[in-house]
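A.B. asks: just a sequence and a predicted model for now, questions to come.
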Amino acid sequence: MNNEAVFSARLSSTHHVGLCRLCSAPLVHTFVDLGMSPPCESFVAADAANDVEPFYPLHAFVCDECFLVQLQEYVAPESIFTEYAYFSSFSDSWVAHAKRYCDMVIERFALDQSSFVVELASNDGYLLQHFLTSNIPMLGIEPAVNVAKVAIGKGIPTLTEFFNEALATDMAARGQKADLIIGNNVLAQVPDINDFVAGMKALLKPEGVITLEFPHIEKLIAENQFDTIYHEHFSYFSLLTIEKMAHRHGLKVFDVEEIPTHGGSLRVFFSHEDSMFHREARVDSLLERELNAGLDRIETYTAFAEAVRQTKRNLLSFLIRLKEMRKSICAYGAPGKGNTLLNYCGIGTDFIDFAVDRNPYKHGRLTPGMHIPIRPVSEIERMKPDYVLILPWNLKNEIVAQMHDIRDWGGKFIVPIPDISIIDPKELAQ
């Protein structure tokens, strides 16, 4: 049977919902179905609480050819990112992470005043501000006008557009090719991966470097991080899949680092296939580890859904017990991942009295779907809840350190992922 016949037989024998956004194979396998959910950053104004709110399927599939885990594009990027509620600078640890990265690349790739650095999805300038002090020419590309405005206010040149191959080709024609292209937590947010990667290839100087950071699907599966799945994250990657992506576009992976951000991420280094960069040994050792973890086998992915359902049952059972004991609970943070968790588990104001967040943009609004009111962090001190549910669990150490005063009234923290754990600040103090 030739390839065409195999493909036709496969199509007729299985129901598929669409094609893989990387390799165009039909998608037939569910990774996890988290039901219907509103876009996770669509915070609701208090006076719009009774308005109709759009909900979309949060159903992730996995490709059995390239093993890309992906959501279909239910929400256009323009409706998610043009006015955006996430400002990177509100996390101290994230800004510090960005500074360490900048110091590293400046030294490793000998960047100076003759170099040109481009960051894709540059947000509020949280990263590029660290190049300002070294006088390294740079450009941020950030589609969210409200966020880009903050970066421009810091003196960071910023283009408010979506990055794609057409924009990259235009920039290259104007002599704006880059020595370094940075993409931190943006690849997952791009529906047309091939157009995006072709754009980076077109913008890169012959001996230039691309670095991309994204959550690692190995960690997502191993640590049950289902709440990192939301509509603005279209794709979830292994290094195995990233290698296939690079090869499609004439790029090579020459190095990889495992970093702790977002519950466990990869920082992957790319160059043109014919560049002078040599492949570091840790690339192949991570690929081998992924193979040992079964990331090239469809069963590894399809087994994930049952673990997620168990986590939901455990968390709800625990919260029900607390409420039956008349305990008060608030949520710390209103991040995207938190809204996935709240909506999938059906946790509303019957469990959580209020949420707090450091970002003033969210104050006075309601969380999408569950409509939990969001207040300033000082509300915890005023209301003295028995338990604080940490929704941005990847920042739990930073949050517990900031909020250790809850021990004064016997308050405790709840961390929901990978399994429910309780942090008692009194015990930490001892």
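C.D. replies: On my side now, so go ahead.
A.B. asks: low-scoring stretches of the stretch 51-200 of the chain, by residue?
C.D. replies: Judged against pLDDT under 70, the low-scoring parts of the stretch 51-200 of the chain cover residues 75-91.
A.B. asks: so residue 299 is in which element?
C.D. replies: For residue 299, the element it lies in under DSSP states H and E is helix 298-302.
A.B. asks: buried stuff in that helix?
C.D. replies: Buried positions in helix 298-302, judged by neighbour count with 16 or more other CB atoms under 10 Å: 300, 301. Any C-beta I mention is one placed from the backbone N, CA and C, and that applies to glycine too.
A.B. asks: other SSEs contacting that helix?
C.D. replies: Here helix 298-302 is seen to pack against strand 29-37, strand 56-62 when contacts are counted using 3 or more CB pairs under 8 Å, 6 or more residues apart in numbering; DSSP states H and E.
A.B. asks: could I get the ones you listed as a markdown table with distance to residue 340 and mean neighbour count?
C.D. replies: What follows is the helices and strands packed on helix 298-302, written out as a markdown table (distance: least, CB to CB, whole Å; neighbours: other CB atoms under 10 Å):
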| stretch | distance to residue 340 | mean neighbour count |
| --- | --- | --- |
| strand 29-37 | 6 | 19 |
| strand 56-62 | 7 | 20 |
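A.B. asks: closest one to residue 373 among the ones you listed?
C.D. replies: The stretch from the helices and strands packed on helix 298-302 with the least distance to residue 373 (CB to CB) is strand 29-37; that distance is 19.1 Å.
A.B. asks: tilt between that closest one and strand 56-62?
C.D. replies: Taking axes from the mean of the first three to the mean of the last three CA atoms, to 10 degrees, one finds strand 29-37 and strand 56-62 inclined to each other by 170 degrees.
A.B. asks: which elements pack onto strand 29-37?
C.D. replies: Contacting strand 29-37 under the criterion 3+ CB pairs under 8 Å, 6+ apart are the following elements: strand 56-62, helix 298-302, helix 304-324, helix 336-345.
A.B. asks: what mean pLDDT would you report for stretch 18-32?
C.D. replies: Stretch 18-32 shows a mean pLDDT of 97.
A.B. asks: wait, stretch 412-422
C.D. replies: When the per-residue pLDDT values of stretch 412-422 are averaged, the result is 95.
A.B. asks: repeat for stretch 235-251
C.D. replies: The predicted confidence, averaged over stretch 235-251, sits at 98.
A.B. asks: same deal with stretch 212-224?
C.D. replies: Mean per-residue pLDDT for stretch 212-224: 95.
A.B. asks: ok, then the element right after the longest strand along the chain?
C.D. replies: Of all the elements of type strand in the chain, the one with the most residues (DSSP state E) is strand 204-215. The helix or strand immediately downstream of strand 204-215 is helix 217-222, counting by DSSP H and E.
A.B. asks: thinking again about what came up before, okay if I get the helices and strands packed on helix 298-302 as a markdown table plus distance to residue 167?
C.D. replies: Converted to a markdown table, these look like this (distance: least, CB to CB, whole Å):
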| stretch | distance to residue 167 |
| --- | --- |
| strand 29-37 | 31 |
| strand 56-62 | 27 |
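A.B. asks: out of those strands, which comes closest to residue 320?
C.D. replies: Each of those has some distance to residue 320 by CB to CB; the shortest is strand 29-37, at 19.5 Å.
A.B. asks: figure out how far that closest one is from the centre of its chain.
C.D. replies: Offset of strand 29-37 from its chain centre (CA atoms, centre = their mean, to the nearest Å): 17 Å.
A.B. asks: likewise for stretch 45-56?
C.D. replies: On the basis of CA atoms, centre = their mean, stretch 45-56 is displaced by 24 Å from the centre of the chain it belongs to.
A.B. asks: tell me which element residue 256 is part of?
C.D. replies: With DSSP H and E as criterion, residue 256 is part of strand 251-259.
A.B. asks: in terms of secondary structure, what does that strand contact?
C.D. replies: Under the contact criterion of 3+ CB pairs under 8 Å, 6+ apart, the helices and strands touching strand 251-259 comprise helix 193-203, helix 239-248, strand 265-272, helix 281-292.
A.B. asks: what about 6 Å?
C.D. replies: In terms of contact count using 3 or more CB pairs under 6 Å, 6 or more residues apart in numbering; DSSP states H and E, strand 251-259 is assigned the packing partners strand 265-272, helix 281-292.
A.B. asks: what comes up buried for the last one?
C.D. replies: Looking back up the chat, that one is helix 281-292. By neighbour count with 16+ other CB under 10 Å, helix 281-292 contains the buried residues 283, 286, 287, 290.
A.B. asks: can you pull the contacts of the spatially most central residue of the chain?
C.D. replies: In the chain, the residue lying closest to the centroid (CA atoms, centre = their mean) is residue 185, at 5.4 Å. Contact criterion CB atoms under 6 Å, 6 or more residues apart in numbering gives no residues in contact with residue 185.
A.B. asks: how close does it get to residue 301?
C.D. replies: Taking CB to CB, to the nearest Å as the criterion, residue 185 is separated from residue 301 by 22 Å.
A.B. asks: how far is the helix holding residue 299 from where the chain is centred?
C.D. replies: The chain centre lies 22 Å from the centre of helix 298-302; the measure is CA atoms, centre = their mean.
A.B. asks: name the residues that touch it?
C.D. replies: Surrounding helix 298-302, the residues in contact under the criterion CB under 6 Å, 6+ apart are 29, 31, 62, 64, 294.
A.B. asks: rerun that using 10 Å as the cut-off
C.D. replies: With contact meaning CB atoms under 10 Å, 6 or more residues apart in numbering, helix 298-302 is reached by 28-32, 60-64, 67, 69, 217-218, 221, 236, 290, 293-295.
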